[in-house]
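Engineer: what follows is a predicted protein model with its sequence.
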Amino acid sequence: MTWRSFLYPLRTVDNGEIASLRDAGDARGLVHLLSHPDPRVQDRASAALTTLGPGALGPLISAMGSPQPQVRMGAAEALAPIRDPRAGDTLARMVSGDPAEEVRWAAAVALGEHGDSRQIPALVRALHDPDKYVRSGAAGALLRLGWTPADGVDRADLHIALQEWDRVPAEGAPAVKPLTRVLGDRDPGIRARAVEALGRTGHGDAAGACNRALGDPESRVRWQATLAFPCCGVPLVHLPLGISRRPKTGKHPAVAVFLNLFFPGLGYNYLGAWWGLICFQTIVTFVVLLSLAIGPVLPTVLQYSVSTLIALQTWLAVRTLPREDPM
Amino acid sequence: MQIADIFTRRPPDVDTLANRRDIDGLVRALGHDDTAVQLRAARALGTMGTEAVDTLIRALDTDDRDIRLGVIAAMGEIRDPSVLDPLLPLLHDRSNEVRWAAALALGQLADPRAVPLLVRALRDPDRYVRYGAAIALGQLGWVPEADEGRACLALALQDWDRLSVLGKAALPALQLASSDRDREVRARAVALMGEIGDPSSAPALVRALGDADDTVRWNAVQAARACGVPPMQIPRGVSRRPRVRKDPRVTALLNFLLPGLGYFYLGKWWGILIWQVDITATVWLFTITGEQPAYAALFPIYLFLAAHGYYMAKRMPDL
């Protein structure tokens, strides 16, 4: 339940109300319902808007300025069947510039439904979108519009967007740049598949991406890179150096000791013990209350006596921990 | 030695208890903290024969899950027909571990009267219980007569290849699995519905589009296309997933009013450190410089932290 649906639980909209808005051609009223907390109302309002035709174009284009993603998404759906160039232009702008991933995705799918081949360049650009759903929507729309990739780079982009990983390495050298681009994808599964595909290209240009992949925060991507890049001419002896640049997740004993000395308890929290916070807050409260009662000197001395003991205990405990970060 | 060990009870001597045939003592040993002790006690109880059955049945009436699991294991080993009746209701127990253990014990009991309830357990919401029921049914020699039963059995055994071969007949089982608690099961079920490509899967797939797990959602996107869900409905379905991104406005507000706690809200443990440093600095500044200069010095920092927290939350992925 969203906070909005919690605040407006009683505002119900029935099918008859939506039908009467549709029959009256009240596009603004229907657009307003796209922000209703009930998803079923949103669906019905969106479906009703699609039946209004070009008459709804103005309110739908205005709805693109709404701060609510579900309104913009509903408007994108409703623009798809309107055979007006302005609808296509608006959708193309959304594909390129909307801040919400799902709106860009919906706009890409809508462009495919809209069927205006003038918008192909916007969809081709969307194949480079950082979000896999948007890329997939753009690829589906391009196929629907009968687009044929001009060269190997476009073909590789299309295969990557459709996650047809087995077909990417066959593009050879042109696939290297698109594959290197998706090494920055948020989905570790995609990064791992991209690294694997780079290895299968066996092309020397792929070696440039080696350090980036070896330094990936995700273990399986690093492992794929270890297997893949020797196929691209990276000397085996260079791999440990590359992998040493990965983000370190291990805890440093000195940090834990420092924290427990000056913020007693937070060192334990740093080491992963949730109760460290409670320790810290208890000690702080105790020191403050004692300071109010008897002045600051004795509580401060007490606090540092306790925190020195805690820091010492921490040092003795953490020095036996393995210092290696998992590769 | 860890601090917790001070409070731990001394382990009972299971071998001595077994030699003395001290059934009550062995049941008590099932509740010991050490799993190795529990296992030895359960094994020893399993060798006590029918003499232990009454005590074991009485011991089931406890809230201690470890004791109940040990008792069920011992009942399965003893294989006395009189434990059937106490074991059958355990297939509906609140604890999934107890249901799983009961299913396995019923299999060892080899009493065909357990079959109907075990067949029902093939639809349990927990995959371990389903698996246990499938194994038990195998031990009881049960063979499904219809495709629906075959599909449920294959799902319980997580035999995805078999489900694929069953085709449309597997859809009811797959729809059940598409709302399983385990995300891996949901992901596999949704992908298989896509492979089968039947439009009747559309409602389950639209629901799966809003799944909390990214792999399930992605599989649902592919499957929804294959099952004829209109492409325009797919982004809307995904937009109904539970949001994982923290609200940038909440982050900014927290960092402005309680500097550092906005970072803590984003999952950064060091946010609490910033907060405590801020409290100390504020108290110190108020004492040294007075109220107005302290506000003048701290206000820009709070604004900066609010803006930084806002953009930090904004940059977090939401799909």
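Structural biologist: Ah, there it is.
Engineer: next secondary structure after the host helix or strand of B:W284?
Structural biologist: In this structure, B:W284 sits in helix B:271-289 according to DSSP states H and E. Later in the chain than helix B:271-289, the nearest helix or strand by DSSP H and E is helix B:291-314.
Engineer: okay, now the domains of the chain?
Structural biologist: Because you didn't say which chain, this covers chain A. A:3-147, A:165-243, A:253-318 (automatic domain parsing).
Engineer: actually, chain B is the one I wanted.
Structural biologist: Taken from automatic domain parsing, chain B resolves into B:11-78, B:160-238, B:248-314.
Engineer: residues contacting A:Q42?
Structural biologist: A:L33, A:L34, A:S35, A:H36, A:Q70, A:G74, B:R236 (CB atoms under 8 Å, 6 or more residues apart in numbering or on different chains). From N, CA and C alone the C-beta is placed, and that goes for glycine too.
Engineer: look at it and give its secondary structure.
Structural biologist: Look at A:Q42: counting by DSSP: H, G, I helix; E, B strand; the rest coil, its state is helix.
Engineer: in chain B, which residue sits closest to chain A?
Structural biologist: In chain B, the residue that lies nearest chain A is B:P235 (3.9 Å; CB to the nearest CB).
Engineer: can you pull the contacts of the closest residue to that residue other than its chain neighbours?
Structural biologist: Residue nearest to B:P235 in three dimensions, not counting chain neighbours: A:A106, with 3.9 Å by CB to CB, 6 or more residues apart in numbering or on different chains. By CB under 8 Å, 6+ apart, the residues touching A:A106 are A:M73, A:A76, A:E77, A:G137, B:M232, B:P235, B:R236.
Engineer: longest helix in chain A, please.
Structural biologist: helix A:297-318 (DSSP state H).
Engineer: helices and strands around that one, which ones?
Structural biologist: Applying 3 or more CB pairs under 8 Å, 6 or more residues apart in numbering or on different chains; DSSP states H and E, one finds that helix A:297-318 contacts helix A:253-262, helix A:266-270, helix A:276-294.
Engineer: which outside residues touch that helix?
Structural biologist: A:251, A:253, A:256-258, A:260-262, A:264-265, A:267-268, A:271, A:283, A:286-287, A:290-291.
Engineer: that one to helix A:276-294, inter-axis angle?
Structural biologist: 160 degrees (axes from the mean of the first three to the mean of the last three CA atoms, to 10 degrees).
Engineer: what about the chain, any weak spots by pLDDT?
Structural biologist: Chain wasn't specified; assuming chain A. A:1-11, A:321-327 (pLDDT under 70).
Engineer: wait, chain B was what I had in mind.
Structural biologist: In chain B (pLDDT under 70), the answer is B:1-9, B:317-319.
Engineer: enumerate the residues of it near chain A.
Structural biologist: Residues of chain B found near chain A (CB under 8 Å from any CB of the partner chain) are B:214-215, B:218, B:221, B:225, B:231-232, B:234-236, B:238-240, B:269, B:272-273, B:276, B:317-319.
Engineer: change it to 10 Å
Structural biologist: Contacts of chain B with chain A, taken as CB under 10 Å from any CB of the partner chain, map to B:210, B:214-215, B:217-218, B:221-222, B:225, B:230-241, B:243, B:247, B:264, B:269-270, B:272-273, B:276-277, B:279-280, B:283, B:314, B:316-319.
Engineer: give me the buried entries from those residues.
Structural biologist: B:210, B:214-215, B:217-218, B:221-222, B:225, B:231-241, B:264, B:272-273, B:276, B:314, B:319 (16 or more other CB atoms under 10 Å in any protein chain shown).
Engineer: circling back: what secondary structure does the residue nearest to B:P235 sit in?
Structural biologist: Going by three-state DSSP: A:A106 is helix.
Engineer: follow-up on the earlier one: looking at the domains of chain B, which is buried most?
Structural biologist: domain B:160-238 (a mean of 20; mean count of other CB atoms under 10 Å in any protein chain shown).
Engineer: need the distance between the two termini of it.
Structural biologist: 25 Å (CA to CA, to the nearest Å).
Engineer: find the closest residue to chain B in chain A.
Structural biologist: Closest point on chain A to chain B, by CB to the nearest CB, is A:A106, at 3.9 Å.
Engineer: re earlier: buried stuff in the longest helix of chain A?
Structural biologist: Of the residues in helix A:297-318, those buried (16+ other CB under 10 Å) are A:P299, A:Q303, A:S307, A:I310, A:A311, A:T314, A:W315, A:V318.
Engineer: before we move on, what about stretch A:220-228?
Structural biologist: Buried-residue list, stretch A:220-228, by 16+ other CB under 10 Å: A:V221, A:R222, A:W223, A:Q224, A:A225, A:T226, A:A228.
Engineer: contacts for that stretch, please.
Structural biologist: Stretch A:220-228 has contacts (CB atoms under 10 Å, 6 or more residues apart in numbering or on different chains) with A:183, A:188-202, A:206, A:209-216, A:218, A:234, A:236, A:239-240, A:242-243, A:246, A:326-327.
Engineer: got a list of what B:P89 touches?
Structural biologist: B:P89 makes contacts with B:L60, B:A102, B:L117, as judged by CB under 10 Å, 6+ apart.
Engineer: now do B:T62
Structural biologist: Counted by CB under 10 Å, 6+ apart, B:T62 has contacts B:V27, B:L30, B:G31, B:R68, B:V71.
Engineer: same list (those residues) but as CSV, adding secondary structure.
Structural biologist: CSV is the format used below for the contacts of B:T62 (three-state DSSP):
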residue, secondary structure
B:V27, helix
B:L30, coil
B:G31, coil
B:R68, helix
B:V71, helix
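Engineer: of those, closest to B:G149?
Structural biologist: B:G149 has its nearest neighbour among these in B:R68, at 29.7 Å by CB to CB.
Engineer: so which of the contacts of stretch A:220-228 are also by chain B?
Structural biologist: A:G189, A:I190.
Engineer: turn the domains of chain B into CSV, including distance to A:Q119.
Structural biologist: Formatted as CSV, the domains of chain B follow (distance: least, CB to CB, whole Å):
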stretch, distance to A:Q119
domain B:11-78, 61
domain B:160-238, 16
domain B:248-314, 28
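Engineer: which one of those lies nearest to A:R28?
Structural biologist: Of all the domains of chain B, domain B:160-238 comes closest under CB to CB, at 20.6 Å.
Engineer: distance between that closest one and the chain's centre?
Structural biologist: Chain-centre distance of domain B:160-238: 21 Å, with CA atoms, centre = their mean, to the nearest Å.
Engineer: again with stretch A:284-301
Structural biologist: 47 Å.
Engineer: export that stretch to CSV, keeping only CA atoms.
Structural biologist: C-alpha atoms of stretch A:284-301 as CSV (Å, rounded to 0.1, in the frame of the first residue of the first chain):
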residue,chain,number,x,y,z
VAL,A,284,26.8,8.0,25.2
THR,A,285,23.5,8.3,27.2
PHE,A,286,25.3,7.1,30.4
VAL,A,287,28.2,9.6,29.9
VAL,A,288,25.8,12.5,29.2
LEU,A,289,23.6,11.7,32.3
LEU,A,290,26.6,11.3,34.5
SER,A,291,28.1,14.6,33.1
LEU,A,292,24.9,16.4,34.0
ALA,A,293,25.0,15.0,37.5
ILE,A,294,28.7,15.3,38.5
GLY,A,295,30.4,17.3,35.8
PRO,A,296,32.3,16.1,32.7
VAL,A,297,35.7,15.1,34.1
LEU,A,298,35.0,11.8,35.8
PRO,A,299,32.5,10.5,33.1
THR,A,300,35.1,11.3,30.4
VAL,A,301,37.8,9.4,32.3
